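# next input, structure requested:
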Amino acid sequence: MDHDYDALATDLKQLLSLMVEPLAISFSQRSPEGVPAFADPIPEPVDGRTGRVSAGCVFWTRASDRTFTTEAADHANCSVGSLTHGFTSLEDAATGTDVAALLESGWVSEQAFAGLPAVSGSPAAVTYGPLRETPVDPDVVLLRLNGKQLMAVHGACPEMRIEGKPQCHIIPLAKEQGVVAASVGCMLSRARTGMPAHEMTCAIPGREISTVVERIRAARAADETVAAYAAADAQRFN
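All right, here's what the predicted structure looks like:
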């Protein structure tokens with residue numbers, strides 16, 4: 001593999017004081033050898049939709065301590081996530097009753113929905129798991145961050161894109177466009193994942209992860225210098 005991902009995961013956790021393991025996300029045409037499939041039962045369909053979880057973003061929370069692989073059908077309950085992850089076309093996703101509900105509520109416009117980025121190549125599988133144990137070079141490294149941690153990553157990567165709904169579209173932004181992209185989250189995802197109110201997400205292109213870690217290291221040193229100066233200066237006002 002291209003990097004020592006165990007070491008990179010350790011660096012990220014220490015530099016950012018992460019509470020959740022950095023996540024590796026990899027797209028492929030077949031499941032990596034030896035990686036177990038996500039095997040939760042599939043419930044009865046509603047309006048023709050079902051999957052092994054309510055939305056693909058739920059896999060981000062399930063993979064914090066184990067590695068597994070998924071296929072298109074596992075993601076199919078969420079038409080939006082199936083679109084952004086390259087499992088379905090815009091035309092097919094637009095026929096979903098869930099998309100109709102989102103449009104009718106005014107949560108997203110037809111124009112914004114039509115402009116969502118998507119993973120290319122019609123992948124057959126997505127593998128999720130802690131970065132430190134990834135079996136393949138990841139396409140995307142996903143971080144779950146609080147406000148201060150996001151500040152630190154933005155300080156290292158000021159070109160970072162800050163995105164809104166839907167949260168999952170930061171995955172194709174990182175994979176296809178090679179940009180570091182953070183999301184403030186979206187209500188659709190927060191309701192399905194139970195993601196804490198203070199938490200946001202950041203997607204880093206897998207091929208850039210070593211460079212980004214070094215940029216975070218340098219930015220942290222600068223932050224510590226400034227923090228020491230500001231703390232000392234503030235003592236005059238106590």
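# which SSE is Val213 in?
helix 209-234 (DSSP states H and E).
# then Thr88?
Using DSSP H and E, no helix or strand contains Thr88.
# from Ala37, how far off is it?
Distance from Thr88 to Ala37, counting by C-beta to C-beta, to the nearest Å: 20 Å. For the C-beta atoms, the positions are set from N, CA and C on the backbone; glycine is no exception.
# which residue would you name as the spatial centre of this protein?
Leu142 (4.4 Å; C-alpha atoms, centre = their mean).
# how about that residue, secondary structure?
With DSSP: H, G, I helix; E, B strand; the rest coil as the basis, Leu142 sits in strand.
# verify the contact between it and Glu21 for me.
No - the criterion here is C-beta atoms under 8 Å, and Leu142 misses it with Glu21 at 10.1 Å.
# re earlier: give me phi/psi at the residue nearest to the residue nearest to the centre of the chain when sequence neighbours are not counted?
Among residues not flanking Leu142 along the chain, Leu23 sits closest, at 4.2 Å (C-beta to C-beta, 6 or more residues apart in numbering). Phi and psi for Leu23, reported as degrees, to the nearest 10, are phi -110, psi 140.
# repeat that for Val20.
Taking degrees, to the nearest 10 as the convention, Val20 sits at phi -120, psi 140.
# for Leu143, see how far away it is.
8 Å.
# the more surrounded of those two?
More neighbours surround Leu143 than the other of Val20 and Leu143, with 24 against 16 (other C-beta atoms under 10 Å).
# let me see the contact set for that one.
By C-beta atoms under 8 Å, 6 or more residues apart in numbering, the residues touching Leu143 are Leu12, Leu16, Leu18, Pro22, Leu23, Gln149, Val153, Thr201, Cys202, Ala203, Ile204.
# quick one: buried ones out of these?
Neighbour counting by 16 or more other C-beta atoms under 10 Å classes Leu12, Leu16, Leu18, Pro22, Leu23, Gln149, Val153, Thr201, Cys202, Ala203, Ile204 among these as buried.
# show me where the protein has strands.
23-28, 68-71, 125-130, 140-145, 161-163, 181-183, 200-205 (DSSP state E).
# where do the helices sit along this structure?
Ranges of helices within the chain are 5-16, 58-62, 72-75, 79-84, 90-93, 97-105, 110-114, 147-156, 170-177, 187-193, 209-234, based on DSSP state H.
# circling back to that earlier point, the more surrounded of Thr88 and Ala37?
More neighbours surround Thr88 than the other of Thr88 and Ala37, with 22 against 13 (other C-beta under 10 Å).
# now the more buried one: how far from Tyr128?
From Thr88 to Tyr128 the distance is 19 Å (C-beta to C-beta).
# with Phe68 instead?
Computed as C-beta to C-beta, the Phe68 to Tyr128 distance reads 6 Å.
# who has more neighbours out of those two?
Remark: of Phe68 and Tyr128, Tyr128 carries more neighbours, 25 against 19, as counted by other C-beta under 10 Å.
# dump the residue contacts of that one.
Leu23, Ala24, Ile25, Phe38, Phe59, Trp60, Arg62, Ala63, Thr67, Phe68, Thr69, Thr70.
# pLDDT value on it, please?
Note on Tyr128: pLDDT of 98.
# without its sequence neighbours, what residue ends up closest to it?
Closest residue to Tyr128 apart from its sequence neighbours, by C-beta to C-beta, 6+ apart: Ala63 at 3.6 Å.
# so the one you found sits against Gly129, correct?
Yes - between Ala63 and Gly129 there is a contact under C-beta under 8 Å: 5.1 Å.
# quick one: which of these two has more around it?
For the pair Ala63 and Gly129, the greater number of neighbours falls to Gly129 (24 against 21), based on other C-beta under 10 Å.
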